[in-house]
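>>> Okay, predicted coordinates and the sequence, questions at the end:
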Amino acid sequence: MLTKAEKQLYNEAADIINAAVANSRNEFEYLVYVHDEIVRRATYTTGLKQNDTAYGALMEGRADCDGYADALYLLCNLAGMECHYQHGNARDRQGDTGHMWNGVKLGGAFYCTDVTWNDTDQSTAVPLYAYLNMGRQQTADCYTWNESAAMFAPARDGETYSYYRIRGTAFDTVEEAAIYINRYAPGQGTVNLKVAMQGMREEDAVDALMAEINIGGRYVHKAASGWLYVLFTAK
């Protein structure tokens with residue numbers, strides 16, 4: 001009983017899922033793959049008819065936060081990974097705004113993922129992973145929501161499925177992070193890492209990091225829960 005558009009979306013989702021399964025050894029890698037595919041396809045857009053749907057994100061390449069979350073919901077649940085939506089408010093420098101993200105079950109516990117906020121460098125479609133698999137504290141630092149009505153509760157430990165911990169790109173000092181960028185960015189092109197801000201403001205932490213880097217490039221960054229997340233692309 002699917003409509004023509006729903007059949008197109010289902011077939012496209014099946015192709016993405018098959019590719020994700022073929023390129024993943026476990027559910028963490030599967031989640032990263034489909035997360036990255038959404039970022040690769042979608043550009044943040046508001047005001048259009050399909051913006052708040054998976055169809056808008058995956059088929060039309062334009063989505064708002066609802067569309068990003070709907071796409072992850074579809075690609076996880078069709079593959080047998082439990083995933084829910086979460087509505088609430090997101091905190092940023094402009095104040096609290098209505099937002100939508102996901103809770104995904106990994107290893108028997110739920111972690112929050114916000115694909116929208118990870119899609120920061122839309123010129124290259126390379127994501128940050130600051131908001132992938134967040135535990136309870138980081139989620140509470142970034143969002144407010146009606147916990148009593150939620151379909152899940154975030155796990156207490158936010159490091160279990162941290163992209164940066166698993167990939168070995170989490171650093172305690174800006175000096176260590178700069179050494180990694182100087183060494184690997186020229187060959188890899190783009191590097192993803194996080195570095196402890198050690199009580200510094202976001203701008204000061206960025207300045208301190210860039211002062212230690214001796215190669216040219218461009219970067220985007222976000223700060224959350226005492227960490228600076230950096231996507232650096234070498235020239």
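Perfect, I can see it now.

>>> longest helix anywhere in this protein?
Criterion DSSP state H: the longest helix present in the chain is helix 4-22.

>>> what's that one packed up against?
helix 27-41, helix 54-55, helix 65-77 (3 or more C-beta pairs under 8 Å, 6 or more residues apart in numbering; DSSP states H and E). Using the backbone N, CA and C atoms, a C-beta is placed for each residue, glycine as well.

>>> List the contacts of H87.
By C-beta atoms under 8 Å, 6 or more residues apart in numbering, the contact set of H87 is G98, H99, M100, W145.

>>> Am I right that it falls within a helix?
No - assignment of H87 by DSSP: H, G, I helix; E, B strand; the rest coil gives strand, placing it outside any helix.

>>> beta partners of it?
M100 (DSSP bridges).

>>> what sits up against stretch 156-171?
28, 32, 106-107, 109, 111, 129, 132-139, 177, 180, 191-196, 227.

>>> From T173, how far out is M200?
11 Å (C-beta to C-beta, to the nearest Å).

>>> Name the residues of the longest helix of the chain that are buried.
L9, E12, A13, I16, I17, A20 (16 or more other C-beta atoms under 10 Å).

>>> Might you calculate how far that helix sits from the centre of the chain?
Counting by C-alpha atoms, centre = their mean, to the nearest Å, helix 4-22 is centred 21 Å from the centre of its parent chain.

>>> export it as PDB, just CAs?
Listed in PDB are the C-alpha atoms of helix 4-22, where the atom choice follows Å, rounded to 0.1, in the frame of the first residue of the first chain:
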ATOM      1  CA  LYS A   4       5.100   5.900  -5.500                       C
ATOM      2  CA  ALA A   5       7.300   8.200  -3.400                       C
ATOM      3  CA  GLU A   6       7.300   5.800  -0.500                       C
ATOM      4  CA  LYS A   7       8.400   3.000  -2.800                       C
ATOM      5  CA  GLN A   8      11.200   5.100  -4.200                       C
ATOM      6  CA  LEU A   9      12.300   6.000  -0.600                       C
ATOM      7  CA  TYR A  10      12.100   2.300   0.500                       C
ATOM      8  CA  ASN A  11      14.200   1.100  -2.500                       C
ATOM      9  CA  GLU A  12      16.800   3.900  -1.900                       C
ATOM     10  CA  ALA A  13      16.900   3.100   1.800                       C
ATOM     11  CA  ALA A  14      17.400  -0.600   1.000                       C
ATOM     12  CA  ASP A  15      20.400   0.200  -1.200                       C
ATOM     13  CA  ILE A  16      22.000   2.400   1.500                       C
ATOM     14  CA  ILE A  17      21.400  -0.400   4.100                       C
ATOM     15  CA  ASN A  18      22.900  -3.100   1.900                       C
ATOM     16  CA  ALA A  19      26.000  -0.900   1.300                       C
ATOM     17  CA  ALA A  20      26.200  -0.100   5.000                       C
ATOM     18  CA  VAL A  21      26.000  -3.800   6.000                       C
ATOM     19  CA  ALA A  22      28.700  -4.700   3.400                       C
END
